[in-house]
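> could you look at this predicted model? Sequence included:
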Number of protein chains: 2
Amino acid sequence: MKTNTSTTMAREADSPALPPTDPPTATALKLLVVLSRTMAAIAVHAETDIGRQGLTSAEFGILEALHHGGPMLLGDLQRRVLVSSGGTTFLVDRLTKRGLVERRPCQTDRRARYAALTPDGRALMTRIFPGHAEVIRRALSGLGLADQRKVTQLLRTLGTEAEAMGPPVG
Amino acid sequence: MKTNTSTTMAREADSPALPPTDPPTATALKLLVVLSRTMAAIAVHAETDIGRQGLTSAEFGILEALHHGGPMLLGDLQRRVLVSSGGTTFLVDRLTKRGLVERRPCQTDRRARYAALTPDGRALMTRIFPGHAEVIRRALSGLGLADQRKVTQLLRTLGTEAEAMGPPVG
DNA sequence: CCCTATTATCTCATTAGTAAGATGTTCACC
DNA sequence: GGTGAACATCTTACTAATGAGATAATAGGG
């Protein structure tokens, strides 16, 4: 049988040099752990679904942003998808090779380029998005609507503040 | 941050092929977006701090798990850190080369190995952990203690359920 | 005991994504 | 209208991490 003596459960008991953390810090650390694990658990669902289409979640993010927001400058796309500038170029290249996305010149700024879905890209998203949304809905169904809204509200505050205070410069 | 012509807010107006989402699905999608962005915003803080020590967050995760839980089997470590099996070997190798971690044989199972902090590793963690915890506390300080606990509780439910239902097999 | 299924770790090829700097463009100001 | 700072994107070199399969050991049924 499973002689897995110590799973994630065993910890409090025999910790050798446990740092003495005050309540606010302990609460924050616990929240971060739960946040990470929850994110990971949900990402499994999302990525499994997206992977079925032979797409990475970064690629799907690009397609989703364009499907949802229409053609947009690569810079705006980058900000939405949370990827490096080189990464954006790379992802858009790959999606272009697959015929799902295309670049278009910007009339008013010759440095800039738009990324836009091709008809194939739009057709793909129209076909797969509803199913993906359903996977997400199901993955999050552990909480009722009211609780989901509550978490959304609290997390938004948390995220906005974290962004606002910038990296720990000092 | 600049006036992103189209943030997550702008959609009703000019979306070309907006999928008609019912309220539960819309709520879930919104929650996922906020969850991702919040996680990313907080990760910036954590990684910036960890990066100062020349560590990646995966490496830090290993050290933290060992510091907090004592020597443990590589498999248990892997489950804690949420990394592939190859990744665990790779990370422990790298930390071993730096003299922060060591492998030890398991008396009762010759397939298995323990990973444990070396004295240097323990010293490093004792030195940097409090500062790191403080960075986290600060990054999450956008919410008061009560709200942090509330979010933790709700996210725990969310994550547990998401894990329990397994990938979208059906 | 031996055989098979299972488990624990490690190896190796591949890859998605990053960081830093290059290229070409626009804008503000003199 | 010329000059330099600020931009938007792209290129290149690199790295952390994955995943599939290899190696090795254990456990239990016959």
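Great, that's in hand.
> state the distance from residue A:23 to chain B.
With distances taken as Cβ to the nearest Cβ, to the nearest Å, residue A:23 is found 7 Å from chain B. Every C-beta, even on glycine, is put in place using the N, C-alpha and C of the backbone.
> quick check: nearest residue in space to that residue, chain neighbours excluded?
Leaving aside its chain neighbours, residue A:23 sits nearest to residue B:145 (7.1 Å; criterion: Cβ to Cβ, 6 or more residues apart in numbering or on different chains).
> show the contacting residues for the one you found.
Contact partners of residue B:145, counting by Cβ atoms under 8 Å, 6 or more residues apart in numbering or on different chains, are A:23, A:24, A:27.
> was I right about residue A:39 contacting residue B:35?
Yes - using Cβ atoms under 8 Å, residue A:39 is in contact with residue B:35, at 6.1 Å.
> how about the residues of chain A that lie near DNA strand C?
Residues of chain A found near DNA strand C (Cβ under 7 Å from any atom of the strand) are A:2, A:4, A:56-59, A:83-87, A:90-91, A:94, A:108-111.
> again, 6 Å this time
A:4, A:56, A:58, A:83-87, A:90-91, A:109-111 (Cβ under 6 Å from any atom of the strand).
> buried among those residues? Make that a PyMOL selection.
In PyMOL, a selection of the buried entries from the residues of chain A next to DNA strand C looks like this (16 or more other Cβ atoms under 10 Å in any protein chain shown):
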select buried, chain A and resi 58+83+91
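> what helices and strands are in contact with the helix ranked longest in chain A?
Longest helix in chain A by number of residues (criterion: DSSP state H): helix A:23-51. On a contact count with 3 or more Cβ pairs under 8 Å, 6 or more residues apart in numbering or on different chains; DSSP states H and E, helix A:23-51 meets helix A:57-69, helix A:119-139, helix B:23-52, helix B:119-139, helix B:145-164.
> residues in contact with the next helix-or-strand element following the shortest one?
The one in question is helix A:57-69. For helix A:57-69, the succeeding helix or strand toward the C-terminus, using DSSP states H and E, is strand A:72-73. Contact with strand A:72-73 is made by A:65, A:66, A:80, A:106, A:112, A:113, A:114, A:115, A:116, B:5, B:6, as judged by Cβ under 8 Å, 6+ apart.
> redo those as TSV? Include distance to residue B:124, secondary structure and neighbour count.
Below are the contacts of strand A:72-73 laid out as TSV (distance: Cβ to Cβ, whole Å; DSSP: H, G, I helix; E, B strand; the rest coil; neighbours: other Cβ atoms under 10 Å in any protein chain shown):
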residue	distance to residue B:124	secondary structure	neighbour count
A:65	41	helix	21
A:66	45	helix	26
A:80	38	helix	23
A:106	50	coil	14
A:112	46	coil	13
A:113	46	strand	17
A:114	48	strand	18
A:115	44	strand	24
A:116	49	strand	16
B:5	46	coil	10
B:6	45	coil	21
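> and residue A:131, how far is that from DNA strand C?
21 Å (Cβ to the nearest atom of the strand, to the nearest Å).
> what is the burial count for that residue?
Other residues near residue A:131 come to 13 when the count uses other Cβ atoms under 10 Å in any protein chain shown.
> please apply the same query to residue A:125.
For residue A:125, the neighbour count with other Cβ under 10 Å is 22.
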